[in-house]
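Participant: Got a sequence here, can you model it:
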Amino acid sequence: YANLIPIIETVSGLQNLLSILSAAENACIKYMVYGHYDYSLDAGYWPFLEHDEVDFWQHLVPIVNKIEQNQLSYVHPPFPWTYDDAGLAGIFSRLKGICMQPFGMITVSGRQTSLAARLALGGSFENAGPLKESGSYSYEDLVQSAESTRRIYDQNRRAGVSFALNPENGRFISPHEYLASIRFLEKASDV
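Facilitator: Reported below is the predicted structural model:
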């Protein structure tokens, strides 16, 4: 199973992380992915935590530590801002400070893959900037964000694409965020 890479992506998966990691280590698995989008959907979050928020990293660091304590390497979930090279480099920098073992990153564009490869080969990277406080959204902001996510994703679906990219800012929108936005808007309409 050396080439199998499990994804911890549900609330139950995180609750059972230690037993999953133990089984993975016994099966000679080398890597473990944190499935941020699946986890956030399963936990009922809207909006999903962003990579530049304090709460994202406070949630992530214990996961990384447990993965590495079980002799596995961590694989980071996708960074949705496909045009933001500085943001991706900041994540790489932050992971270099957290991970004691080699780590991986899932990328969602050729541009991100190229930058991550350059960084992994010793290319220079910026120190990670300060993190934002999480949860500073008004209810109106949450509704507007959910409506925008739904609209952009629906436009891409009509074009036959299963994932969406906001052409204005390069933000990758996963099916998980789309479903979470629909759930949020359904609850909002019940209020």
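
Participant: Next, the buried residues of stretch 101-111.
Facilitator: F103, G104, M105, I106, T107, V108, S109 (16 or more other Cβ atoms under 10 Å). Yep, even glycine has a C-beta here, placed from its N, CA and C like the rest.

Participant: and the fourth one, what is it in contact with?
Facilitator: Applying Cβ atoms under 8 Å, 6 or more residues apart in numbering, one finds that I106 lies in contact with V33, V75, H76, P77, P78.

Participant: I'd like the distance between it and R157.
Facilitator: When distance is defined by Cβ to Cβ, to the nearest Å, I106 is 22 Å away from R157.

Participant: now the fifth one
Facilitator: From T107 over to R157 the distance is 23 Å, taken as Cβ to Cβ.

Participant: Can you list the buried residues in the longest helix seen in the chain?
Facilitator: Longest helix of the chain, by residue count under DSSP state H: helix 139-158. Applying a neighbour-count criterion of 16+ other Cβ under 10 Å, one finds L142, V143, S145, A146, T149, R150, I152, Y153, N156 buried in helix 139-158.

Participant: wait, which of these is closest to S114?
Facilitator: Using Cβ to Cβ, N156 is the member of the buried residues of helix 139-158 that lies nearest S114, at 23.5 Å.

Participant: which residue packs closest to the closest one, ignoring adjacent ones?
Facilitator: A164 (3.9 Å; Cβ to Cβ, 6 or more residues apart in numbering).

Participant: How about D55?
Facilitator: Spatial nearest neighbour of D55, chain neighbours left out: S134 (3.7 Å); criterion: Cβ to Cβ, 6+ apart.

Participant: Please apply the same query to R157.
Facilitator: Of all residues not flanking R157 in the chain, A164 sits nearest, at 7.7 Å (Cβ to Cβ, 6+ apart).

Participant: what bridges to that neighbour?
Facilitator: For A164, the beta-bridge partners under DSSP bridges are I173.

Participant: Look up how far T82 lies from it.
Facilitator: 11 Å.

Participant: so what sits against both of the two?
Facilitator: With Cβ under 8 Å, 6+ apart, A164 and T82 have common neighbours F172.

Participant: Sketch out the low-pLDDT regions of the chain for me.
Facilitator: 1-2, 125-129, 191 (pLDDT under 70).

Participant: From V143, how far off is the residue nearest to D55?
Facilitator: In terms of Cβ to Cβ, S134 sits 18 Å off from V143.

Participant: cool, and D84?
Facilitator: D84 is 25 Å from V143, where distance means Cβ to Cβ.

Participant: just the helices in the chain please.
Facilitator: Under DSSP H, the chain gives helices at 11-15, 17-26, 36-43, 54-69, 85-98, 110-120, 139-158, 175-190.

Participant: Identify whichever of those helices lies nearest to N3.
Facilitator: helix 17-26 (12.6 Å).

Participant: quick one: buried residues of that closest one?
Facilitator: Going by neighbour count (16+ other Cβ under 10 Å), the buried part of helix 17-26 is L17, I20, L21, A24, E25.
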